[in-house]
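Visitor: Got a predicted structure plus its sequence, pasted below:
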Amino acid sequence: MKTENRDTIAAIATGLTESGIGIIRISGPQSYDIINRLFVTGSGKKADLSESHRIHHGYINVSRETLDEVLMLNMKGPRSYTGEDTIEIDCHGGVLMVKRILEAVLSAGARPADPGEFTKRAFLNGKLDLSQAEAVADIISAKNDKAIRASVSQLRGRISEKIKKLREMILEDTAYIEAALDDPEHIELEGFSEKLSKDATEAERELERLIRSADNGRLIKEGINTVILGKPNAGKSSLLNALLREDRAIVTDIAGTTRDTLRESINLNGLTLNIMDTAGIRQTEDVVERIGVERALKAAEDADLIIYVVDGSVPLDDSDRQIMDYINGSDKKTLVIVNKNDLERSFSEEDLRSELRGSADLLSVSAMKNEGIEELEQKIEELFLAGEIDLNEELFISSERQKQELINAKGSLMEVLNSIEAGLSEDFYTIDLMDAYTSLGHILGESVDEDLVNEIFGKFCMGK
């Protein structure tokens with residue numbers, strides 16, 4: 001996909017804050033003309049821009065006034081990020097300075113870039129496919145090392161390569177069928193359904209693997225949504241503080257201190273935990289506390305992991321059983337934490353397990369004394385990293401859009417297999433094969449609506 005952009009855009013590519021340098025990026029057909037109006041070398045001459053990818057030292061001047069001493073990089077299209085003539089100005093950092101230079105660039109003929117417009121132009125000019133462009137946004141918003149590794153892998157084209165291979169196989173089979181239907185005297189279809197069945201089955205299995213990776217990709221990209229449940233004064237807030245390694249939540253001996261949800265994020269060996277401390281679960285007449293309990297249960301419904309904190313120093317009661325009934329009826333991954341192991345235990349592990357019908361892991365900790373916290377962190381890693389997320393693969397579907405297109409493609413291939421099993425004629429196969437081919441093409445950005453493209457790039461930050 002290629003487009004002609006007649007206007008030239010500019011934006012600040014670095015954060016608006018005090019810093020060592022600031023970068024202003026210019027892209028479009030007038031980039032070189034604009035920089036020639038503003039930039040002079042140390043000798044007062046215009047820069048020689050005949051060679052691409054050269055760094056020039058000089059000054060940005062406006063009306064004979066020097067704004068700043070800068071380094072200027074010129075890149076001729078198509079050998080640039082956007083595929084267009086591009087200029088980058090490295091000036092001294094600071095909000096005021098970069099704004100003044102950007103204003104000078106805009107006054108010289110550029111217009112302000114829209115969010116994500118540089119990457120959008122890279123996509124439209126064939127420098128990136130749509131999955132790679134989405135990876136750029138994922139890199140910018142990455143919260144942990146694993147998310148960066150997965151996004152860089154996608155940016156380098158690993159998902160694109162896999163999708164292209166699947167499309168090549170589908171197109172090859174479709175072309176053979178079409179050719180045989182057009183020239184049955186020279187091209188035979190006898191026995192071809194067996195090859196097609198094998199190819200479609202292989203592709204369907206590969207698509208299923210990619211679809212399953214979407215959930216892992218979401219956990220790596222967005223983090224594990226973790227909710228801490230327990231009755232009042234069980235030690236939920238103390239556990240949160242222990243995991244955070246700081247006193248973030250208020251801890252008192254008064255039951256019901258936490259009345260609303262408290263959200264924090266921690267980095268657990270490269271995986272992000274979005275932890276939510278909640279109000280204690282119990283029957284209460286207090287209106288505010290009751291709202292907190294309702295919010296706690298609602299948060300648990302949307303969680304990837306529930307950490308149920310039990311006060312080991314007091315007997316199990318109706319509040320505990322209310323929580324355990326909820327856990328028993330849920331399919332969420334759950335860790336049961338018996339807290340306050342520094343005090344005398346009021347019930348046995350067998351008593352607790354008899355109330356829990358599932359196979360939730362039990363751990364004993366003292367949140368106040370920071371005992372057992374490392375074991376808890378290791379158990380969380382085992383739940384979400386062992387086997388289910390292959391850290392060496394680093395190939396994850398990163399967006400719901402991509403996942404849905406994979407589901408559509410898989411459905412089309414299943415229709416092909418159903419048609420083969422039903423003994424239908426070959427022209428039925430090609431319709432569903434091309435539907436699968438088209439759906440996979442949407443992942444790469446082929447034949448996608450302009451509104452979808454605008455929506456994707458509109459989520460980018462300014463200057464990218």
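Guide: Yep, it's here.
Visitor: residue boundaries of the helices in the stretch 251-400 of the chain?
Guide: With DSSP state H, counting those that start in this stretch, the ranges of helices along the stretch 251-400 of the chain come out as 287-301, 318-328, 349-355, 373-385, 400-422.
Visitor: between those helices, which gets nearest to residue 175?
Guide: Judged by C-beta to C-beta, the one of the helices of the stretch 251-400 of the chain that comes nearest to residue 175 is helix 400-422, at 14.9 Å. No exception for glycine: its C-beta is placed from N, CA and C like everyone else's.
Visitor: To residue 176, which of the helices of the stretch 251-400 of the chain lies closest?
Guide: helix 400-422 (13.6 Å).
Visitor: Now the following helix or strand past the closest one - C-alpha only, CSV.
Guide: Toward the C-terminus, helix 400-422 is succeeded by helix 426-444 as the next helix or strand (DSSP states H and E). C-alpha atoms of helix 426-444 as CSV (Å, rounded to 0.1, in the frame of the first residue of the first chain):
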residue,chain,number,x,y,z
GLU,A,426,-13.8,-28.1,-5.5
ASP,A,427,-15.3,-24.7,-6.3
PHE,A,428,-16.8,-24.6,-2.8
TYR,A,429,-13.3,-24.9,-1.4
THR,A,430,-11.9,-21.8,-3.0
ILE,A,431,-14.6,-19.5,-1.5
ASP,A,432,-13.6,-20.4,2.0
LEU,A,433,-9.9,-20.5,1.2
MET,A,434,-10.0,-17.0,-0.1
ASP,A,435,-12.0,-15.8,3.0
ALA,A,436,-9.2,-17.2,5.2
TYR,A,437,-6.6,-15.6,2.9
THR,A,438,-8.4,-12.2,3.3
SER,A,439,-8.7,-12.4,7.0
LEU,A,440,-5.0,-13.1,7.4
GLY,A,441,-4.3,-10.2,5.1
HIS,A,442,-6.2,-7.9,7.4
ILE,A,443,-3.6,-8.6,10.1
LEU,A,444,-0.9,-7.3,7.8
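Visitor: So which bits of helix 426-444 are buried?
Guide: Across helix 426-444, burial judged by 16 or more other C-beta atoms under 10 Å covers 426, 428-430, 432-433, 435-444.
Visitor: Now do the helix or strand following it against helix 426-444, angle only.
Guide: Downstream of helix 426-444, the first helix or strand assigned by DSSP H and E is helix 450-458. Interaxial angle of helix 450-458 relative to helix 426-444 (axes from the mean of the first three to the mean of the last three C-alpha atoms, to 10 degrees): 30 degrees.
Visitor: Columns distance to residue 140 and mean pLDDT on top of the helices of the stretch 251-400 of the chain, output as TSV?
Guide: Below are these laid out as TSV (distance: least, C-beta to C-beta, whole Å; pLDDT from 0 to 100):
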stretch	distance to residue 140	mean pLDDT
helix 287-301	28	70
helix 318-328	37	85
helix 349-355	45	83
helix 373-385	24	82
helix 400-422	18	94
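Visitor: Turn the ones you listed into JSON lines, including distance to residue 204 and mean neighbour count.
Guide: Below are those laid out as JSON lines (distance: least, C-beta to C-beta, whole Å; neighbours: other C-beta atoms under 10 Å):
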{"stretch": "helix 287-301", "distance to residue 204": "32", "mean neighbour count": "16"}
{"stretch": "helix 318-328", "distance to residue 204": "36", "mean neighbour count": "18"}
{"stretch": "helix 349-355", "distance to residue 204": "41", "mean neighbour count": "13"}
{"stretch": "helix 373-385", "distance to residue 204": "27", "mean neighbour count": "16"}
{"stretch": "helix 400-422", "distance to residue 204": "5", "mean neighbour count": "19"}
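Visitor: For residue 266, which residues count as its bridge partners?
Guide: Legend: beta-bridge partners of residue 266 under DSSP bridges are residue 273.
Visitor: How confident was the prediction at it?
Guide: pLDDT for residue 266: 82.
Visitor: Which helix in this protein has the most residues?
Guide: helix 192-222 (DSSP state H).
Visitor: List of residues touching whichever helix or strand comes after it?
Guide: Using DSSP H and E, the next helix or strand after helix 192-222 towards the C-terminus is strand 224-229. By C-beta atoms under 8 Å, 6 or more residues apart in numbering, the residues outside strand 224-229 that reach it are 236, 239-240, 271-278, 281, 296, 299-300, 302-309, 323, 326, 380, 384.
Visitor: ok, so of the buried residues of helix 426-444, who is nearest residue 69?
Guide: residue 444 (43.4 Å).
Visitor: Would you mind listing which of the contacts of strand 224-229 are buried?
Guide: Buried, going by 16+ other C-beta under 10 Å: 236, 239-240, 271-278, 281, 296, 299-300, 303-309, 323, 326, 380, 384, out of the contacts of strand 224-229.
Visitor: before we move on, the earlier item: of all the buried residues of helix 426-444, which comes closest to residue 71?
Guide: Nearest member of the buried residues of helix 426-444 to residue 71, counting by C-beta to C-beta, is residue 444, at 36.0 Å.
Visitor: pretty sure that closest one contacts residue 131?
Guide: Yes - counting by C-beta atoms under 8 Å, residue 444 does reach residue 131; the two are 6.1 Å apart.
Visitor: before we move on, back to that, closest one to residue 14 out of the buried residues of helix 426-444, please.
Guide: Checking the buried residues of helix 426-444 against residue 14 by C-beta to C-beta gives residue 444 as the nearest, at 30.2 Å.
Visitor: beta partners of residue 57?
Guide: Counting by DSSP bridges, the residues bridging with residue 57 are residue 71.
Visitor: Per-residue pLDDT of it, please?
Guide: Per-residue pLDDT puts residue 57 at 96.
Visitor: Check the gap between it and residue 407 for me.
Guide: Separation of residue 57 from residue 407 (C-beta to C-beta, to the nearest Å) stands at 54 Å.
Visitor: One more: residue 78?
Guide: 35 Å.
Visitor: Residue 210 too?
Guide: Taken as C-beta to C-beta, the span from residue 210 to residue 407 is 10 Å.
Visitor: shaky segments in the protein?
Guide: By pLDDT under 70, the weakly predicted segments of the chain are 1-5, 144, 246-261, 270, 280, 282-293, 358-359, 385-395.
Visitor: ok so, going back, shared neighbours of residue 444 and residue 131, anything?
Guide: 160, 163.
Visitor: Can you tell me the SS state at the residue of the chain most remote from its centre?
Guide: The centre of the chain is farthest from one residue, residue 185, which by C-alpha atoms, centre = their mean lies 52.0 Å away. Using DSSP: H, G, I helix; E, B strand; the rest coil, the structure places residue 185 in coil.
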